[in-house]
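Novice: can't give you the sequence, but here's the structure:
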């Protein structure tokens, strides 16, 4: 019974993901600043389809000094009202 509920929840999430992807796709391709190369709604999916995994994106690691890290933490505290 739990597996059936879990499957139903996953299907609901996939449907919602597909609906938002289609809406985003429509806005992106019909707006004033539409891309030169038309996109598909699958470009906007947040949950990849099985067997359609895109290439992993390599990210460049950025090193942060202790001073910079402390400045960032203090800025966040002041914005959040905790400092």
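Specialist: Arrived safely. Everything numeric here is computed off the predicted structure, so don't read it as measured data.
Novice: give me every residue that touches the most centrally placed residue in the chain.
Specialist: The geometric centre of the chain, computed from its C-alpha atoms, lies nearest to residue 46 (Cα atoms, centre = their mean), at 5.7 Å. Contacts of residue 46 were listed using Cβ atoms under 8 Å, 6 or more residues apart in numbering, and they are 17, 21. The way it works is simple: take the backbone N, C-alpha and C, and place the C-beta from them, glycine included.
Novice: Helix, strand, or coil at it?
Specialist: Under DSSP: H, G, I helix; E, B strand; the rest coil, residue 46 falls in the coil class.
Novice: Report pLDDT for it.
Specialist: pLDDT for residue 46: 81.
Novice: Would you list the phi and psi of it?
Specialist: Backbone torsions of residue 46, given as degrees, to the nearest 10, read phi -90, psi -30.
Novice: now do residue 70
Specialist: The phi and psi torsions at residue 70 (degrees, to the nearest 10) take the values phi -70, psi -40.
Novice: burial count for it?
Specialist: Close neighbours of residue 70, defined as other Cβ atoms under 10 Å, add up to 11.
Novice: Could you measure from it over to residue 78?
Specialist: From residue 70 across to residue 78, the span is 13 Å (Cβ to Cβ, to the nearest Å).
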